[in-house]
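S.K.: Just to be clear, the model below is a prediction. Sequence and coordinates:
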Amino acid sequence: MNAVVPVLGAPIPHDSAPKHVSGKAIYIDDMPEPPGLLHAYLALSPHAHARVKSMDLSAVIATPGVVAVMTAKDVPGVNDVGPAFPGDPIFADGLVEYHGQSLFGVAATSMALAREAASKAVIEYEILRPILTIDEALAAQSFVLPTQIMQRGDAGSALANAPLRLSGRIDVGGQEHFYLEGQVAMAVPGEDGDMLVHSSTQHPTEVQHLVARALKLSDNAVVCETRRMGGGFGGKESQASLIAVSAALLAQKTGRPVKHRLDRDDDMILTGKRHHARIDYDVGFGKDGRILGIEFMHAIGCGYSPDLSGAIADRAMFHADNAYYLDHVRIVSHRCKTNTVSNTAFRGFGGPQGMVGIEHVVDEIARHLRIDPLTVRKRNFYGKRGRNITPYHMTVEDNVIAELVAELERESGYAARRKAVKAFNAAHPWVKRGLALTPIKFGISFTLTHMNQAGALVHVYTDGSVQLNHGGTEMGQGLYLKIAQIVAAEFGIGLDRVKITATTTAKVPNTSPTAASSGTDLNGKAAQTAARTIKQRMAGVAAIAFGVQPAEVLFAGGKVSGGGQELPFGEVAKLAHRARVSLSSTGYYSTPKIHYDTKIHRGRPFYYFAYGAAVSEVEVDTLTGEYRLRRVDILHDAGQSLNPAIDLGQVEGGFVQGMGWLTTEELWWDDKGHLRTHAPSTYKIPACGDIPAAFNVSLFKAGRNKEDVVYRSKAVGEPPLMLGIAVFQALRDAVAACGDGWTVPRFDAPATAERVLMAIETVRARAAIPQAQAAD
Amino acid sequence: MRDAIHFRLGTEDRTLRDVDPTMTVLEYLRGPERICGTKEGCAEGDCGACTVVLVDADGRHDAVNACVLFVPALDGRQLLTVEHLAGPDGALHPVQQAMVDRHGSQCGFCTPGFVMSLYALRTEAKPDRAAVNEALAGNLCRCTGYRPIVDAAMDVCTGHEAPVPAPLPSPAGSLALSHGDKRSFSPRTADELAGILLEYPVATIVAGGTDVGLWVTKQHKTLPVTVSLDAVADLRGVEETDGAIRIGAGATYQDALPLLETHFPDFGAMIRRIGSRQIRNRGTIGGNIANASPIGDSPPALLALDASVVLRRGDVRRTVRLDAFFTGYRQTVLTKGEFIERIDVPLPAAREVFRCYKVSKRFDQDISAVCAAFRLRVEGGIVRDIRIGYGGMAATPLRPRAVEDALTSRPWNEATIRMAQAVMDSAMSPLSDMRASALYRRTVARNLLLKCFLETSEEAAVTRLAPV
């Protein structure tokens, strides 16, 4: 027998890696196709806002190869897939509210046929005026949900009394998830009208429940199964449902299996994105740069329906402070309704927008005072004792930002590089460099408290092999592996003895989505609990065999030992079975300590915080606005990492995704509300060459979760995305270098080459004015 | 004439008869073959999840996008997918193992494409980091941030001979497929091509298919007659004769790159940013010209270089200077049944300098917002001759004669540049679209002239970003 290698804290490759690299990992579109399979297609609205006066689908139905067509009136149950609030019709019912909204569904013998048939529909519309921008929504008071206010102290007085005061605005663009695997589901009808749905979803339970509701079945008649996604990033938290539910509806109607896969363009047009946002601020501060009072107005672009926007806009407020103590603070958050696709969860879930706002403010303060922005950042950090209450009245108890930033500042050679950048810029009129260090503090837990629960199901078989199931889904983040590591460590067996199985609502019910970075924290604890239950039973059996107390039985190295004796793990499993002891257990976990009152925006929404910081250095071509990231240094706190290889992957990938959001990824709608960047030819996520050779990423060695999270690790899925803000800030620094070295004109995100150049042209035009006057 | 495609899939020979000639290789793999390791990420050749390797009879291994490759291109070749790399015992190929060891996959959906790009890269000389970036620019990963994949490439692409395949099927005669109402031809000679086009003047010529493929996969067009240039050997040449580089219309970017780069380093650098390696392994300069897109990358450079095209209809040939070729938005002087046979690019004259620039949202694998190219000769501080090409600034690739006139015979100094920039605005009519605003395009167009001046005037200022 092979020696059992320690599994906790080891850089073990992703469990599916050998399958990924050989094409053997099966995604839903790769599954063997059941006989009689039909392909679904959704007809999309060509208008952003219109009333459907009439819809004649006779030519669609008459197309050879078409087996079924469904409209709103054909839905047996509820025609809505809204996850938290109603408002997301499966098929538009008389009103279309965004370009690309689903009108009706077609099932045909091929996807091409279904698409072609759908184009034959004769539909009459009464065109209505669309609201397309945040400006228009604010003017019309068009909101999907009521405005929220979070406050602590008296911001008005603090602003009035502050020695210095600045106000301004930054607009932040949205972001397409661009998971490489588009949305896909396959529904297979069974006996008694039951429905099995394979869905590329982060939330199998929600798919199960929404399928049941739409098909007018009880939840127990629907199973949703998810083995893996080809990327999710939040885009498959709520928005996988429409694809799965429409497939299931067509499967129910035809009695045949139905696959529904969106091609890239349809996927980008009809599914939601990261929320774009407008952030206005008014800040009062001292001559040292310390913030004394601040007011924010967040206007969050939600699109046409609530979806998850309430919680997302809340999280923008929760991170309006980032790592900074805001003494007197008031945040007003509007959830703007526009006639565009309904925006949704995306890694960070509103937090990134909030952080961009405060980082912008701190940078502006520093530039106003002509102090290195890092100095002003440090002066505003949360304190350990005192200056440690958030705008939502939670005490920050686990603050490590000062020491983490100090270490990064030192290791990255920030001070020397600041000088070098200055010297370079003095010697180079046409290319300019910029440098920035930005921190992150990100709250971990679903802010909707009841979602912080998880279940697991563990079986030990009599050969000593283990089957593991839990409520979390695998989208590439390595969750399955981390949970398997936890279970293997608990039983003291090798990872190869733990079989990771697809997530299914039939094994673990009523689960929360794999989201909010909480996958490992929640499911890891639940699986650990299940494993411990079985282990205790096995220890009892072994104790009798060894003639010792159960507490003296050890599980390690694939062996169970006690009193100088040992048995292979599998032998003890056999003994337990013969002794009629159950080798199967569920496990359950709910996060302690957290509570939150959404009415007054007070409480402890987060179990703990994750911290990190990044230094970015950029070089800008001041004649075109093009730029390159020259170097990045990151230090991130993953607590005591369960798997540093997986965690590094999350940090690096998150950073690059965040950088993309704030640089080249631009969503562009035309004046009719049509998204014109709906494929990778027009929507540009970072490519290989955008990453510098000097890409130095470390996990914070002193990191240790103060709270009782599994093996003192920390969640790592979302927080690193916001490290990308350092690139945006470095670009501002380079723009400033084209003028007096400090001033930056209005500069919105994403910082496309166009925005960078236009800012540089403004800086240079301003700089030219006094010179011209002097010449006169 | 032959009515079946003969090729090798991995180690197995295949014959395809009565297939839709505009079926893509990706559809073929995932459909009839049901080999699903190769993924569809975008169906437009931009994400690389569908990357496969085509092996020629001469052993050349080309990474290509299966999603925009029509099946007739397989004729006489070997097609390798991610399923074909592991050893007979199932052991992972070194490229695959390196990706595992370096943690190069997370969700895994892009991974087969990366593996195939790396497999092809490994058959080339030992690449440096820049070459790795270039080889992987056409593979998008949304999870990893690329660092581990680059590390895997540096580990394993250490200069290996391409494996020599067993002799490939070499079917005799040219291919003529029919499937329902669709016809498809793969002639072997330019003469044969000319004859087919006379007979079928409505035929769509498919060179690399990197744009035509999208007419099918994105616009869902039906192409009743297609003629592939894949097998037309006498259109694939790239040679330097009689003071010009002569590029066959069927030569790929990758074929044309070495010679163009030797004489015009900036042009080479730009070609390396056209599409991706997968696209350049298929796409042709001839197609880029015939397509007549206002944002094609090669026409501005070719305009500045005073290139001309040799057009042929039947046995009749004519030579047209590129600045007389484009007649309107996606319109050219080509008549029915006429095709581009060759592009002639005059070699640089003594004391002539050439600069070209591509400006896009993303550095690699993006469509340009603005392209600009300048060829000039300055003697005694005076501009003796200048030729300019712009892309993205009008309905066609543009040669702004007014700007050339404003510069010619003038001192090559900043004042002259300022004056020429003022002329530019009226000579150009860019659009605002998702790639850039008209204002940005105008600003960049002006600045690129200044950049060319800065780079060619006496003080050699640093105007370009350092490689990272």
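M.R.: Right, received. Where do you want to start? Numbers count the residues shown, from 1 in each chain, chains lettered A, B, ... in the order given.

S.K.: Every contact and neighbour count from this point should use C-alpha atoms.
M.R.: Noted.

S.K.: And A:Val96, its phi and psi?
M.R.: Main-chain dihedrals, A:Val96, degrees, to the nearest 10: phi -110, psi 140.

S.K.: hang on, it packs against A:Ala50?
M.R.: Yes - if you go by CA atoms under 8 Å, A:Val96 and A:Ala50 touch, sitting 5.3 Å apart.

S.K.: For these two, indicate the residue with more neighbours.
M.R.: For A:Val96 versus A:Ala50, the count of surrounding residues by other CA atoms under 10 Å in any protein chain shown is larger for A:Val96: 27 against 22.

S.K.: give me every residue that touches that one.
M.R.: By CA atoms under 8 Å, 6 or more residues apart in numbering or on different chains, the contact set of A:Val96 is A:Ser45, A:His47, A:Ala48, A:His49, A:Ala50, A:Arg51, A:Val52.

S.K.: which SS state does the second one fall under?
M.R.: For A:His47, the assignment made with DSSP: H, G, I helix; E, B strand; the rest coil gives coil.

S.K.: separation between the nearest residue to it once chain neighbours are set aside and A:Leu44?
M.R.: Among residues not flanking A:His47 along the chain, A:His99 sits closest, at 4.8 Å (CA to CA, 6 or more residues apart in numbering or on different chains). Look at A:His99 and A:Leu44: by CA to CA, to the nearest Å, they are 7 Å apart.

S.K.: do the same with A:Gln729
M.R.: Counting by CA to CA, the gap from A:Gln729 to A:Leu44 is 39 Å.

S.K.: Give me the more crowded residue out of the two.
M.R.: A:Gln729 (27 against 22).

S.K.: Spit out the contact partners of the more buried one.
M.R.: Counting by CA under 8 Å, 6+ apart, the residues that A:Gln729 touches are A:His360, A:Asp363, A:Leu435, A:Ala436, A:Leu437, A:Thr438.

S.K.: Do me a favour and average the pLDDT over the host helix or strand of it.
M.R.: For A:Gln729, the host element (DSSP states H and E) is helix A:725-736. Average pLDDT, helix A:725-736: 98.

S.K.: Report the distance from that helix to the chain centre.
M.R.: 24 Å (CA atoms, centre = their mean, to the nearest Å).

S.K.: May I have the distance across stretch B:128-144, first residue to last?
M.R.: One end of stretch B:128-144 sits 21 Å from the other (CA to CA).

S.K.: Just the buried positions in that stretch, please.
M.R.: B:129, B:132-144 (16 or more other CA atoms under 10 Å in any protein chain shown).

S.K.: In helices, which of these appear?
M.R.: Within those, residues falling in helices by DSSP state H are B:Arg129, B:Val132, B:Asn133, B:Glu134, B:Ala135, B:Leu136.

S.K.: Now distance to chain A too, for those residues, in a markdown table please.
M.R.: Formatted as a markdown table, those follow (distance: CA to the nearest CA, whole Å):
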| residue | distance to chain A |
| --- | --- |
| B:Arg129 | 8 |
| B:Val132 | 9 |
| B:Asn133 | 5 |
| B:Glu134 | 7 |
| B:Ala135 | 9 |
| B:Leu136 | 6 |
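
S.K.: Make JSON lines from the residues you listed and add pLDDT to it.
M.R.: Conversion of these to JSON lines gives the following (pLDDT from 0 to 100):
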{"residue": "B:Arg129", "pLDDT": "93"}
{"residue": "B:Val132", "pLDDT": "96"}
{"residue": "B:Asn133", "pLDDT": "96"}
{"residue": "B:Glu134", "pLDDT": "95"}
{"residue": "B:Ala135", "pLDDT": "96"}
{"residue": "B:Leu136", "pLDDT": "98"}
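
S.K.: List just the nearest of those to B:Leu197.
M.R.: Distance to B:Leu197, by CA to CA, is smallest for B:Ala135 among these, at 35.5 Å.

S.K.: what about the closest residue to the closest one other than its chain neighbours, distance to A:Pro306?
M.R.: Counting by CA to CA, 6+ apart, B:Ala135 lies nearest to B:Arg277, which is 5.6 Å off, once chain neighbours are set aside. For B:Arg277, the distance to A:Pro306 (CA to CA) stands at 43 Å.
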